[in-house]
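Trainee: when you get a sec, could you give me coordinates for this:
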Amino acid sequence: MLKDSPEFTDHIGYWLRRVSNAVSSGFAAKLETLDVSVAEWVFMRLLYKRDPIPPSQVAEVMALTRGGVTKIADRLINKGYLVREDDPEDGRSQRLKLTAKGNQIVPKLAALADKNEAEYFAHLSAPEKRQLMALLQKTVEALGIDTVPIT
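Mentor: Residues are numbered from 1 along each chain as shown. Next up, the predicted model:
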């Protein structure tokens, strides 16, 4: 019996997870209307209006294996959002670049992200949003969390 033990609802992690699950699933549902996954959105946002970059750099930023990057890149290539091109400085290497179609859809996806955030956090005032963001960023920094959430 856990008479003297706190309830699971007494933990900050419980409330973070509950909010995170709702926000994440809401965003994923919005992206699905445009046949894009959260991982694909993060991938494309990383490449948006940037010079082509090697897959290894994408892997590093997204904390993915090269195989994971290849899998997402292949899906985006099949959708016409991404191309692989030879690296002009090293013919054995490739770089990734958004197509015109990819660059066109990123602002639409960003608008969905903004809409999702507004839906889930509209009840907070601007100072409360800034405070929540600052507390979460402080926690990420203190814990050395360096992964990008893609699910």
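
Trainee: can we go C-alpha only for contacts and neighbour counts from here?
Mentor: OK.

Trainee: and Gly26, what's its pLDDT?
Mentor: With respect to pLDDT, Gly26 scores 96.

Trainee: switch to numbering from 41
Mentor: Let's use 41 as the start, then, which means that last one is Gly66.

Trainee: residues contacting it?
Mentor: Under the criterion of Cα atoms under 8 Å, 6 or more residues apart in numbering, the contact list for Gly66 reads Asn156.

Trainee: list the buried residues in the host helix or strand of it.
Mentor: For Gly66, the enclosing helix or strand under DSSP states H and E is helix 52-72. Of the residues in helix 52-72, Val63, Ser64, Gly66, Phe67, Ala68, Lys70, Leu71 count as buried by neighbour count, 16 or more other Cα atoms under 10 Å.

Trainee: so how far is that helix from its chain's centroid?
Mentor: 13 Å (Cα atoms, centre = their mean, to the nearest Å).

Trainee: what's the lowest-mean-pLDDT helix or strand in the chain packed up against?
Mentor: Using mean pLDDT, DSSP states H and E, strand 130-138 stands out as the lowest-scoring helix or strand of the chain, at a mean of 87. In this structure, strand 130-138 packs against helix 78-87, helix 95-102, strand 122-127, with contacts taken as 3 or more Cα pairs under 8 Å, 6 or more residues apart in numbering; DSSP states H and E.
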